[in-house]
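> how does the following fold in three dimensions:
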Amino acid sequence: MTHPAERLQDTLALAWPPVAIAFRLRAPARVPRIDTAAASGCTYWKLAAQGHVFYTEAADHHNCPIGAHTHGIDLPLERQAELEDLITTMVDLQYLREEEIEAIPRRTTAFGVAIYAAWAVAPCDPDVILVRGNAKQLMVLSEAAHAAGIGDLREIMGRPTCAMIPATMQHQRLTVSLGCIGNRVYNDLENDELYAAIPAERIDAVLEQLTTIAAANLKLEAFHRERMASLSH
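You can find the predicted model right below:
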């Protein structure tokens, strides 16, 4: 039987497989801990998409103060100072306003471990399904999410990209993020790529709508191309 991850990837023609992210008090049996802490928390997304299955502990997120903050990880004193310095720099550069800081989505439950894998081989039920794609692919996905009752694009997220994970879990709706410059560097994100995150509890409803919405877009694209050609004469 085809895994729903393959259906999602094939229907949207995604270059990267959907990634499953789960937060648990402890890791599943036989799932290894990441060998080396990455420079950013979002780097783990890319590693999972490349086929690695692993979990991280809180210390594995200390290199990324912003990512640790959004994931509800308490930093040691020296890292807390780094976070404060980074936020001060962002404010000084007028990249971020002080009043925005409190509004950044953040996990509020205790951090045990985070488990990462391509969704098709995930070792446990995920909390969030992360999709990396271009604007057209995520347009179709967002339309399917809207048809499933969890699409709301009144606000598209930007910096920090990792905040889309707690936002998706808190609101149980599709979240779209344009990414941020750090994520684009650490994950080699192409200029035309962005992200969508889907609450895992609602993924079946989205997939039920996806085939219909994708087929409708193909027919509508043909219609509009024929109409454009007929009107150009």
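> so residue 149 is in contact with residue 208, correct?
No - here residue 149 lies out of contact with residue 208, judged by Cβ atoms under 8 Å, at a distance of 11.0 Å. (Each C-beta comes from the backbone N, C-alpha and C, glycine too.)
> what residues are shared contacts of these two?
Contact criterion Cβ atoms under 8 Å, 6 or more residues apart in numbering; residues shared by residue 149 and residue 208: none found.
> does the nearest residue to residue 4 once chain neighbours are set aside lie in a helix or a strand, and which?
What sits nearest to residue 4 in space, not counting adjacent residues and going by Cβ to Cβ, 6 or more residues apart in numbering, is residue 207, at 5.6 Å. Assessed by DSSP states H and E, residue 207 sits inside helix 203-231.
> what lies in contact with the host helix or strand of residue 184?
According to DSSP H and E, residue 184 maps onto helix 181-186. With Cβ under 8 Å, 6+ apart as the test, helix 181-186 has contacts from 38, 39, 40, 42, 43, 46, 66, 159, 160, 161, 162, 189.
> could those be laid out in CSV, adding secondary structure, pLDDT and neighbour count?
Converted to CSV, the contacts of helix 181-186 look like this (DSSP: H, G, I helix; E, B strand; the rest coil; pLDDT from 0 to 100; neighbours: other Cβ atoms under 10 Å):
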residue, secondary structure, pLDDT, neighbour count
38, coil, 95, 19
39, coil, 90, 13
40, coil, 92, 23
42, coil, 94, 28
43, helix, 96, 20
46, helix, 97, 20
66, helix, 85, 24
159, coil, 77, 19
160, coil, 88, 25
161, helix, 93, 29
162, helix, 93, 28
189, coil, 94, 20
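> need these in TSV (columns: distance to residue 226).
Conversion of the contacts of helix 181-186 to TSV gives the following (distance: Cβ to Cβ, whole Å):
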residue	distance to residue 226
38	49
39	49
40	46
42	42
43	45
46	40
66	48
159	41
160	43
161	39
162	43
189	35
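> closest to residue 232 out of the residues you listed?
Checking the contacts of helix 181-186 against residue 232 with Cβ to Cβ, the nearest one is residue 189 at 35.9 Å.
> quick one: pLDDT of the closest residue to the closest one other than its chain neighbours?
Using Cβ to Cβ, 6+ apart and skipping the chain neighbours, the partner closest in space to residue 189 is residue 179 (5.5 Å). Note on residue 179: pLDDT of 91.
> what is the burial count for the closest residue to residue 118 other than its chain neighbours?
Of all residues not flanking residue 118 in the chain, residue 17 sits nearest, at 4.4 Å (Cβ to Cβ, 6+ apart). By other Cβ atoms under 10 Å, the residues close to residue 17 number 21.
> check residue 157 too.
By other Cβ under 10 Å, 21 other residues sit near residue 157.
> go on, the one 10 residues further on?
For residue 167, the number of neighbouring residues by other Cβ under 10 Å comes to 20.
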